[in-house]
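>>> can you look at this prediction? I've put the sequence above it.
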Amino acid sequence: IGSTWEKGDMEMNLILFSDRLKRVLAGEDGALTLPDSTNLKPVLQYFLSEIEIITTLLRDYKSDINRLLIQLWNVEEDVDRPDVLSILNDINYFVYESEKAIDTFFTTIMQPQSSESESESTSYKDALVGLQKAFNSNHVKFYFDCRAWVRVSIQYNFKKILDDIIKSVMPASGLSEIIGKDYTLKKSILRDYLTNKKYMTVLDDIYHDMIWNDLREALPDYQNGSRVLITVVDPDILTSFELENGEKIGSDSVLVGGPLFRIKYEGWQFFLLYCGCKSLESQMMEMENEPTALLFCSIFELPLYLKFCCFYLCVFYGNLEISTRQLYQLWMAEGFVAHNSEANAEEYLKELISRGLIKVGKRSAGGKIKTCSVPSSVWARLVVLAAKMKFVMVLDLGLVEELRTIKRFAVPKNLTKFVSLEHIDTYLHSLQNFALESDHSALLDCENICKKFKLLRVLNMGSLVLDQFPSGIENLFLLRCLKLDVPSLKSLPSSLCNLLNLQTLDMPSSYIDHTPEDIWNMHKLMHLNFGCITLPAPPENYCSSLKNLIFISALHPCSCTPDTLGRLPNVQTLKIYGDLSSYQSGLSKSLRELLKLESLKLVNKSKGWQLSQMILSEYQFPPSLTQLSLSNTELKEDPMPTLEKLPHLLVLKLKQNSYSGRKLACVGSGGFPKLKILHLKSMFWLEEWTMGARAMTKLESLIINPCAYLKKLPEELWRIESFRKLELHWPQPELRKKLRAYEDMERRYDIQMYPYGI
C-alpha cells in the first residue's frame with residue numbers, strides 16, 4: 001500500500017478487532033463496533049468492511065484473512081509474522097468458542113421456565129414461543145448466513161419442503177428459475193449452495209420419519225456450525241430417536257417446550273423440541289385411552305356459528321398454509337357466516353385462533369392475518385370428528401363407501417388418480433381437489449362432476465389444468481364458489497353468467513380479453529380473481545350495479561372508466577394490471593368513483609420493450625384509501641408530494657421500477673398524517689431523502705431495498721415517537737457509520753441490515 005504508518009494503523013485495527021471479539025464472547029459488550037475508519041484510505045476502508053463480513057463466522061477465516069493481507073501488503077513481504085499469526089489464532093479461537101456459544105444459547109433459551117406440573121398445561125403455541133424468539137433474535141441472525149422455518153404438513157411432501165427451504169435461504173433473483181427445475185437437480189443446487197454456509201433450518205411439526213433420508217440428500221452435514229432443529233407433536237415418532245449418547249428418550253423425561261434435546265438418527269445429529277400438549281408419558285397414556293376426548297369436548301363447547309367453521313378446517317390438511325381470504329370465501333359460500341360478511345368471517349378466525357385451534361401464519365404490512373394453518377395434532381382429530389358427524393370427509397380410498405352419506409369432501413394431495421364418482425352422494429354440496437398432479441382426464445372429470453352433482457355450492461378443481469372451459473358448469477345454479485385453472489381461456493362463456501348465486505369466481509391463471517355483458521346480472525358476486533380481466537361497459541339504460549363486489553384482481557385499465565367503476569360502489573380491494581399510461585386520462589379521474597376503496601395496487605405493463613410512464617400527479621385517489629402499492633410505473637417525478645395528501649393512507653409500497661429519480665421529498669406540513677408502513681424498493685439511484693418536521697408523524701416501520709447510494713436518512717425520522725423498525729439492504733459504509741452514531745438506538749429501534757453481518 002505504501003507508507004509505514006498505514007501498515008501500523010492496519011495492524012492496530014486488527015488487534016482492536018480481535019480484542020473486541022474476545023469481549024463480545026465474554027458477554028462484556030452487546031455488539032461489534034469497529035475502529036473509526038474516517039481517515040483511512042479507500043482500500044483500508046474496504047478491508048474494514050471485509051472484517052465486518054468476517055463476523056458472519058465462516059470457518060475459513062484464516063485463508064480469507066491471509067488473502068486480504070496479501071492484497072494489502074506487497075506479495076513479496078512475509079505475512080507469517082508472529083503478531084499477525086497471533087491475531088489469526090485469536091480469530092480461530094473465537095470461531096471455535098462461538099460454535100459452542102450458539103448451542104448454549106439455544107439450550108438456555110429453550111429451558112422450561114416452570115415446574116413439571118405447570119409445563120404439562122403449556123399449549124403448543126406457548127411451546128414454540130421460545131424457539132421463535134431464538135430464531136428471530138439478532139444473535140442468531142448474526143451467527144448464521146441463512147435461516148429457514150418450514151412447516152411440515154401431515155400429508156408428507158418433501159418437494160414442497162424443499163421449495164420452502166430454497167425460497168427462504170437462496171437469493172430471490174434466481175428463485176423462479178430454480179423452483180422450475182427437476183426435483184433431483186433442486187436438491188443438488190440447494191446442497192451446493194449451503195455447502196460453505198452456516199445455515200439454520202427449523203422443521204416445525206414433523207409427522208413422518210421418512211423425512212430424514214430426504215434431508216440427508218438435500219442438506220450438507222453441518223460440521224461448519226450449521227444447525228437443524230425439529231419440533232414434534234406426535235409422541236410415536238420419538239421412538240425412532242436416540243439421544244446423543246445413544247440412550248433412548250425416556251417417556252418421563254420429555255416435557256412440552258423443553259428441554260431442547262440433541263438427538264441422533266443414523267449418524268446425523270439434530271436438535272429436537274417436543275411440543276405435545278402434555279408430557280410425553282401423559283400424552284401417550286391419553287392417546288391410548290381416549291385420543292379425541294379433549295378436543296371433542298373443546299369443539300362442542302364452541303358456539304354454533306364456530307362449530308361449522310371449525311369442522312370445515314379439516315379440508316386443508318395439517319400445517320398447510322391457508323389463505324385467509326380463500327378461507328373466508330369458502331365459509332361464506334357454505335353459509336356459515338352471519339350476514340355473508342367478510343368482517344364477520346375475520347372475527348370467527350380470530351376466535352378460533354384464541355382457542356388454539358388455528359395458528360397465525362403471515363401478516364400483511366398493515367397487520368391483518370394473510371395466512372394461517374391448522375396444527376397437525378388438531379387436524380388429525382378434526383378429520384375423525386368431521387367424518388363421524390358426516391359433515392366433511394377427506395377422501396381415503398379405503399372409505400369410499402362412506403361417501404354415500406357425506407355432503408362435503410376433499411381430494412387429498414397424495415391421490416394419484418381422481419376418485420370414481422359412483423360412490424358419491426348426488427346431493428353433494430362441496431368438492432375440493434388438493435391433488436398436486438394434473439392429468440389428461442381432468443376436463444372429463446370436471447364435466448362428469450357437473451353432470452352428476454347439480455346441487456354443488458363449492459367446486460374447487462385446484463391445480464388440475466384444463467384445456468378449455470368445461471361444459472355443464474352453467475347448470476350448477478346453486479354454485480357460490482368456483483375455482484378453475486384454465487390458462488388458455490381468453491373469453492368468458494356467456495353461459496357462465498347464468499350462475500346468479502355465484503359469489504367467488506377464482507381463475508388466477510386466466511387472462512380474459514372479453515367478458516359478456518350479462519356479467520352485470522350477477523349481483524351476488526363478491527370476489528373476482530383473475531390474472532387479468534376486462535369488464536364490459538354497462539349496457540345502455542342499465543341502472544343496476546355489482547353492489548356486493550368487494551374484491552377484484554386484476555382489472556385491465558381499459559375497464560377503469562367512470563361509468564364502469566361507478567357501478568362498483570363497494571369495492572374495497574382492487575388491483576389494476578396493464579399499460580397504465582395508455583389509459584392515463586380515464587384511469588386517473590375514475591378512481592375517485594370508488595368511495596369505499598381501501599387497498600389499491602397499480603401494476604404497469606407496457607406493450608413495447610420499454611416501460612411507459614404514468615403521471616401520478618394527475619391521479620385523483622379516493623380519500624378512503626389505506627393501502628397503496630405501485631409497481632413498474634417508472635415515475636420520473638417525485639411521488640411523495642402527491643401521495644402525502646392522502647388523509648387515511650396507512651401502508652405505502654413503492655415497488656420495483658416504481659420511481660427512477662434520485663431524490664424524495666416529504667416536506668409538506670402534516671404530510672402522510674396516518675402512514676405507518678413505508679416500503680421503498682428497487683429505487684436503485686436514490687441518493688437523497690428529505691422530510692419536513694411534521695411529516696409521517698405515525699410512521700412505525702421503514703424498508704429501503706436497496707439503499708446503495710443513499711448517504712443518510714432524514715434526521716426527522718428519529719424524532720418520530722412511533723418509529724421502531726428499520727430494514728436496510730446494501731447500505732453504504734457511510735450510512736452504516738451514521739446509524740451507529742445513535743448510542744441508544746439498539747434499545748429503542750429494531751434495525752436490520754442485509755446481507756447479515758455487514
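Ah, there it is.
>>> show me where the stretch 351-500 of the chain has its strands.
359-360, 371-373, 393-394, 408-411, 430-433, 458-465, 481-485 (DSSP state E, counting those that start in this stretch).
>>> nearest to F551, out of these?
For the strands of the stretch 351-500 of the chain, proximity to F551 was assessed by Cβ to Cβ; strand 481-485 is nearest, at 12.9 Å. Backbone N, C-alpha and C define where each C-beta goes, glycine included.
>>> partner strands of that closest one, with direction?
strand 458-465 (parallel), strand 504-512 (parallel) (DSSP bridges).
>>> quick one: least confident helix or strand in this protein?
Across the helices and strands of the chain, mean pLDDT, DSSP states H and E gives its lowest value to helix 116-119, namely a mean of 38.
>>> just checking, F135 touches R147?
Yes. Look at F135 against R147 with Cβ atoms under 8 Å: they come within range, at 6.7 Å.
>>> between those two, which contacts overlap?
With contacts taken as Cβ atoms under 8 Å, 6 or more residues apart in numbering, F135 and R147 have M200, V202 as neighbours in common.
>>> just to revisit the earlier point, looking at the strands of the stretch 351-500 of the chain, which is nearest to F271?
That would be strand 359-360 among these, by Cβ to Cβ, at 20.9 Å.
>>> that closest one - what's its average pLDDT?
Averaging pLDDT along strand 359-360 gives 90.
>>> not counting that strand itself, show me its contacts.
K125, I353, I369, C372, S373, V374, P375.
>>> ok, the second one - contacts?
For I353, the residues meeting the contact criterion (Cβ under 8 Å, 6+ apart) are K359, V360, I369, C372.
>>> among these, which pair sits farthest apart?
K359 and I369 (10.4 Å).
>>> re earlier: which one of the contacts of strand 359-360 is nearest to T697?
Once Cβ to Cβ is applied, the member of the contacts of strand 359-360 that ends up nearest T697 is I369, at 27.0 Å.
>>> next, count neighbours for the closest one.
18 (other Cβ atoms under 10 Å).
>>> correct me if wrong: F551 contacts L568.
No. Between F551 and L568 there is no contact under Cβ under 8 Å: 10.6 Å.
>>> of the two, which one has the most company?
For F551 versus L568, the count of surrounding residues by other Cβ under 10 Å is larger for L568: 22 against 19.
>>> okay, now D467: neighbour count?
Around D467 there are 12 residues (other Cβ under 10 Å).
>>> how is the chain carved up into domains?
According to automatic domain parsing, the chain comprises the domains 4-104, 121-287, 290-387, 635-758.
>>> so where is the stretch 251-400 of the chain shaky, pLDDT-wise?
Applying pLDDT under 70 to the stretch 251-400 of the chain flags the ranges 251-261, 263-269, 274-297, 395-400.
>>> mind running it again at 80?
251-301, 317, 365-366, 377, 384, 388-389, 393-400 (pLDDT under 80).
>>> what's the answer for the stretch 451-600 of the chain, then?
The model of the stretch 451-600 of the chain has pLDDT under 80 over residues 540-544.
>>> helices of that one, start to end?
Taking DSSP state H, counting those that start in this stretch, the helices of the stretch 451-600 of the chain run over residues 562-566, 584-590.
>>> in TSV, list those along with distance to L313 and mean neighbour count.
Shown next, in TSV, are the helices of the stretch 451-600 of the chain (distance: least, Cβ to Cβ, whole Å; neighbours: other Cβ atoms under 10 Å):
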stretch	distance to L313	mean neighbour count
helix 562-566	36	16
helix 584-590	40	18
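>>> any chance of JSON lines for those helices, columns distance to H523?
Converted to JSON lines, those look like this (distance: least, Cβ to Cβ, whole Å):
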{"stretch": "helix 562-566", "distance to H523": "16"}
{"stretch": "helix 584-590", "distance to H523": "22"}
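>>> which of those sits closest to D518?
Closest to D518 of the helices of the stretch 451-600 of the chain is helix 562-566 (Cβ to Cβ; 15.2 Å).
>>> I'd like the strands of the stretch 351-500 of the chain as TSV, with mean neighbour count and distance to P706 appended.
Shown next, in TSV, are those (neighbours: other Cβ atoms under 10 Å; distance: least, Cβ to Cβ, whole Å):
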stretch	mean neighbour count	distance to P706
strand 359-360	18	30
strand 371-373	21	27
strand 393-394	22	45
strand 408-411	22	43
strand 430-433	22	42
strand 458-465	20	35
strand 481-485	21	36
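>>> okay, now the residue nearest to P516 when sequence neighbours are not counted: neighbour count?
Counting by Cβ to Cβ, 6 or more residues apart in numbering, P516 lies nearest to S494, which is 4.1 Å off, once chain neighbours are set aside. For S494, the count of nearby residues is 13 (other Cβ under 10 Å).
>>> roughly how far apart are S494 and K181?
41 Å (Cβ to Cβ, to the nearest Å).
>>> please apply the same query to S669.
Note on S669: its distance to K181, by Cβ to Cβ, is 54 Å.
>>> look at those two and report which has more neighbours.
K181 (13 against 9).
>>> which residue, other than its chain neighbours, is closest to the more buried one?
I189 is the one closest to K181 (Cβ to Cβ, 6+ apart), at 7.1 Å.
>>> tell me the phi and psi of that neighbour?
phi -60, psi -50 (degrees, to the nearest 10).
>>> is it true that it touches Y183?
No. I189 lies out of contact with Y183 (Cβ under 8 Å); the separation is 10.8 Å.
>>> list the contacts of the residue nearest to G361 when sequence neighbours are not counted.
Nearest residue to G361, sequence neighbours excluded (Cβ to Cβ, 6+ apart): T371, at 3.5 Å. By Cβ under 8 Å, 6+ apart, the contact set of T371 is E321, I322, S323, T324, G361, K362.
>>> I211 versus the fourth one, what's the distance?
Meaning T324. T324 is 28 Å from I211, by Cβ to Cβ.
>>> which one's more surrounded, these two?
Higher neighbour count among T324 and I211: T324, with 22 against 18, using other Cβ under 10 Å.
>>> what about the more buried one, distance to W331?
10 Å.
>>> cool, E177 as well?
For E177, the distance to W331 equals 37 Å [Cβ to Cβ].
>>> more crowded one of those two?
W331 (22 against 9).
>>> quick check: which element contains the nearest residue to E644 once chain neighbours are set aside?
Of all residues not flanking E644 in the chain, G671 sits nearest, at 3.2 Å (Cβ to Cβ, 6+ apart). Per DSSP states H and E: G671 is located in neither a helix nor a strand.
>>> can you pull the pLDDT of G671?
pLDDT, G671: 92.
>>> what about it, neighbour count?
Applying other Cβ under 10 Å, we find 21 residues neighbouring G671.
>>> contacting residues for it?
M640, E644, K645, G692, R694, A695, M696.
>>> let's see that with 10 Å instead.
Residues in contact with G671 (Cβ atoms under 10 Å, 6 or more residues apart in numbering) are 640-641, 643-646, 665, 691-692, 694-697.
>>> circling back to that earlier point, of the strands of the stretch 351-500 of the chain, which is nearest R592?
Closest among the strands of the stretch 351-500 of the chain, once you apply Cβ to Cβ, is strand 481-485, at 31.6 Å.
>>> that'll do, ta.
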